[in-house]
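next input, structure requested:
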Amino acid sequence: MSSLDSLIALFITILVLLGGYQIYLLPQKYQLRKYFNLNTVLDDLIPFRPRWVWVYCFLYYPFLVSVILTMTDLRHFSFVITSFILLLVLQVLLAFLIPVKTPDSWRNYDPDNSRSERFLSNLQVIDQGGNCFPSMHVSAVFLTLFHILANISDWLTPWTGVMFVAAFLISASTVFTKQHFVLDIPGGIVLAGFVFWLFQQVY
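Purely as a prediction, here's the structure:
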């Protein structure tokens, strides 16, 4: 894409991210069913590592935006951004149908212990849980990864290696910050795969 087209795509992406986050929080505001608990033995073994909140937030958004660098034109971008909007809609519908919330005990920490815990605590004031399954972080990251891999000709490059590592780190951050259950991760990957398959059918 031209520089102007990329700026337009970036502007639209930021608007979708800001507006989409408000839609993403709707299941927390309007709970329709009793919360499910997806806790497993593996969840109990994973320690709380609040420092991962920096990966959770500050690697996540640049990763999503990076897909613009692999776009061919604005038509391509319009189909890709539509796939993310569809992902958001499915996420919200699943959260209404299968509301999942992490235990309140996972948030019983002292926010004054460190900057990481203070930042995580502020984040959890906004994101109070209840729409954990599947993980939106994981589904959005893997949908981004699928698009990037489809848009480049050579997978065996340092660029793709960085993308895979970043996707893994962001997914790991969801459980180390105790924002998600382990099962939320494969759920997010499957949902991303389904949406990408739909994208391929129409583009």
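
from memory P103 sits against N37, does it?
Yes - if you go by Cβ atoms under 8 Å, P103 and N37 touch, sitting 7.2 Å apart. Where you see a C-beta, it was placed from the backbone N, CA and C, and this is true even at glycine.

distance from the helix or strand containing L191 to the middle of the chain?
Using DSSP states H and E, L191 falls within helix 184-202. Distance of helix 184-202 from its chain centroid, counting by Cα atoms, centre = their mean, to the nearest Å, is 12 Å.

got the contact list for that helix?
The contact list for helix 184-202 (Cβ atoms under 8 Å, 6 or more residues apart in numbering) reads 38, 79-80, 83, 86-87, 90-91, 94, 100, 132-143, 146-147, 150, 171, 174-175.

ok, now stretch 150-170?
55-56, 59-60, 63, 66-67, 70-72, 137-138, 141-142, 144-145, 148-149, 196, 200.

what about that stretch, distance to the chain center?
Put simply, stretch 150-170 sits 17 Å off its chain's centre (Cα atoms, centre = their mean).

and stretch 23-31, by the same measure?
Mean-position distance between stretch 23-31 and its chain equals 16 Å (Cα atoms, centre = their mean).

what about it, average pLDDT?
Across stretch 23-31, the average pLDDT comes to 90.

that stretch: which residues count as buried?
24-25, 27-28 (16 or more other Cβ atoms under 10 Å).

and what of stretch 120-130?
Using 16+ other Cβ under 10 Å as the test for burial, stretch 120-130 gives 120-121, 124, 129-130.

hmm, who's touching the stretch of helix or strand V89 belongs to?
Secondary structure assignment for V89, by DSSP H and E: helix 74-97. For helix 74-97, the surrounding residues in contact (Cβ under 8 Å, 6+ apart) are 1, 5, 8-9, 12-13, 16, 20, 23-24, 26-27, 30, 32-33, 67-68, 71, 130-131, 133-134, 136, 139-140, 143, 147, 191-192, 194-196, 198-199, 202-203.

apply 7 Å and report the result again.
1, 5, 8-9, 12-13, 16, 20, 23-24, 26-27, 32, 67, 71, 131, 133-134, 136, 139-140, 143, 147, 191-192, 195-196, 198-199, 203 (Cβ atoms under 7 Å, 6 or more residues apart in numbering).

packing partners of the helix or strand just after it?
Following helix 74-97 in sequence order, the next helix or strand is helix 115-126 (DSSP H and E). Counting contacts by 3 or more Cβ pairs under 7 Å, 6 or more residues apart in numbering; DSSP states H and E, helix 115-126 packs against helix 53-58.

now do the helix it packs on, average pLDDT.
Taken as a whole, helix 53-58 has a mean pLDDT of 96.

what's that helix packed up against?
Helices and strands touching helix 53-58, by 3+ Cβ pairs under 7 Å, 6+ apart, are helix 115-126, helix 158-176.

mind giving me the packing neighbours of the very next helix or strand once past that helix?
Going down the chain from helix 53-58, the next helix or strand is helix 60-65, by DSSP H and E. On a contact count with 3+ Cβ pairs under 7 Å, 6+ apart, helix 60-65 meets helix 136-151, helix 158-176.
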